[in-house]
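[1] From the sequence below, what's the structure:
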Amino acid sequence: MPEIILILLVLALSFANGSNDVSKGIATLTGCGLATYRKALVWGTLWTIGGSLAAGVFSVEMVNTFAVGLLRNPVETQNFASLHLGFNGLLPISVAFGALVWVLFASLTGLPVSTTHAIIGAICGVGVFSLGYKGVSWDAVISKMFIPLFVSPFCGLFLAFLIYPPLRLSMEKLYNWCVCFELKKEACSCNPAGTEVALLNTMESASGGLVLSTNEVCEDTLFAPLKLNIPDIIHWLSSGLVCFARGLNDAPKIVAIGLTISLSSYNQVFTFAMIAVTMGLGSYLGGLRVTQTLAEKVTKMNHIEGLSANLITSLLVGAAARFGLPVSTTHISSSAIIGIGLKHGRRGICWNTVFSMVLAWFVTLPVSGILSAIAYYAFLRIL
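    Predicted structure coming up:
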C-alpha cells in the first residue's frame, strides 16, 4: 500500500512540476510574439521530456544530493544515507505530498514557484516533525541547497545586465539574414496556361530547398511564410535549451523521492522515463496559466530580450545540473526576465506581479514543510 501511494504521488508531483516549470523556457517565445501559446507548449514539452530522459545519464549526482545525508537519526546518530529518505516509507510519501499540494496550487493560480524549494521545504518539515530539530542535517541542507538557491537569482540578474548589450548588437546584425525555402517565383512563368494545374506541375518540376540568405533574397521566394530570421531561430533553440536544462535539473529531484522505497526494485532508466513522460504531460496540459504570467504580466519583451533571458537560464541551470547543484529554474528565469525589464527603467516592470512571485518564493519553504508534516501525521495513523 505505501509503495502504491508513493508511486501515485511521485507521478502527480512530476505532472505538477511540468505544469509550473515549462513556462520558464517558453514564456519569452509568447511574450515577444514569436509563437502562440499552444505551439510554445508543444515545443517546451518535447524539450522537457528530452532533458528529463538525459538526466538519467548526466544528472545522477543530483539524485544523490536529494536522497542521501539530509536526514539522520539523532538518537542513534545513524545517518539515513543507507535508508535515503525512508522511514517506514512515510517520509518520502509525506515529502511528495507536501511538495505536490503547493506546486499544484501555484500552477492552478498562475504563480511561478520552485519545485526545488517545495521539495527542500517538505524534507525539512517532515524531518523536524518526525525526528526533531536535530534530525535534519542542517549543514548539508545549507551547503548543498540553500546557498545555490540563494545565489542563483542574483547570478541571473547580473548576467542579464552583462549579456544583453553585446547580444543585442550581434543579433541586430543577424536580422538581415534568414533561412527560407527557395523556390523562385519566376519559375511559374514557364507555363503560359496560368491554371492551378499548370502551377502545380511547375512547382513539382522546380528545384528548391532550405537556404541561408539575406532578407531581400528570401522575399523573392514563392514560399515566403517559411522564412525565419536567424535571431528567431536562435530564440527557438534557446527556449528549447531552457526546457532541456530544467528537465536535467528537476527530474533527478523527483526520482530521488521515488527511488527510496517503491521504485528501487525497478530499472532506474525506466524510472526516469516514467517521470519524463508524466512531466511532459503536465507541461502540455497544465502549463498555460504560469506561462501567461511570465509572458504578459512581468515586463514586455522583444526577441533579443527574450533570447537573452533564455540563454542565461539555460547556461546556469544546465551547469548546475551537471555538478549536482539544485538551483531553481523559476528563480533564475524570473530574475533574468526582471533584469531584462530593468534595462527600460523601473517603469518597465509590473511590480505587483513581481511582489506576488517573490512572496510565493518565500512562503514555499514553510508551507511545503507544514503540509508534509501534516501529511506525515495523517499517514502515520492511516497506514
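
[2] Now do the one helix or strand residue 238 maps to: distance to the chain's middle.
    For residue 238, the element it lies in under DSSP states H and E is helix 230-258. Chain-centre distance of helix 230-258: 5 Å, with C-alpha atoms, centre = their mean, to the nearest Å.

[3] Just the buried positions in that helix, please.
    Neighbour-count burial for helix 230-258, with 16 or more other C-beta atoms under 10 Å as criterion, is recorded at 230-232, 234-236, 238-258. From N, CA and C alone the C-beta is placed, and that goes for glycine too.

[4] ditto for stretch 365-372
    Buried residues in stretch 365-372, counted by 16+ other C-beta under 10 Å: 365, 367, 368, 369, 370, 371, 372.

[5] neighbouring contacts of that stretch?
    94-95, 97-99, 101-102, 117-126, 128-129 (C-beta atoms under 8 Å, 6 or more residues apart in numbering).

[6] Next: stretch 338-355.
    Under C-beta under 8 Å, 6+ apart, the answer for stretch 338-355 is 156-161, 164, 293, 297-301, 305-306, 308-309.

[7] Now the buried members of the residues you listed.
    For the contacts of stretch 338-355, a burial check counting by 16+ other C-beta under 10 Å picks out 156-157, 159-160, 164, 293, 298-299, 301, 305-306, 308-309.

[8] Columns pLDDT, distance to residue 149 and secondary structure on top of the residues you listed, output as a markdown table?
    Below are those laid out as a markdown table (pLDDT from 0 to 100; distance: C-beta to C-beta, whole Å; DSSP: H, G, I helix; E, B strand; the rest coil):
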| residue | pLDDT | distance to residue 149 | secondary structure |
| --- | --- | --- | --- |
| 156 | 82 | 12 | helix |
| 157 | 81 | 15 | helix |
| 159 | 82 | 17 | helix |
| 160 | 79 | 18 | helix |
| 164 | 75 | 24 | helix |
| 293 | 86 | 21 | helix |
| 298 | 72 | 20 | coil |
| 299 | 70 | 23 | coil |
| 301 | 71 | 25 | coil |
| 305 | 75 | 25 | helix |
| 306 | 77 | 24 | helix |
| 308 | 80 | 22 | helix |
| 309 | 80 | 19 | helix |
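
[9] Just give me the closest of these to residue 56.
    In terms of C-beta to C-beta, no member of the buried ones among the contacts of stretch 338-355 lies closer to residue 56 than residue 156, at 26.8 Å.

[10] Please identify the helix or strand for the nearest residue to the closest one once chain neighbours are set aside.
    Distance criterion C-beta to C-beta, 6 or more residues apart in numbering; nearest residue to residue 156, sequence neighbours excluded, is residue 335 at 3.5 Å. Element membership for residue 335, per DSSP H and E: helix 329-342.
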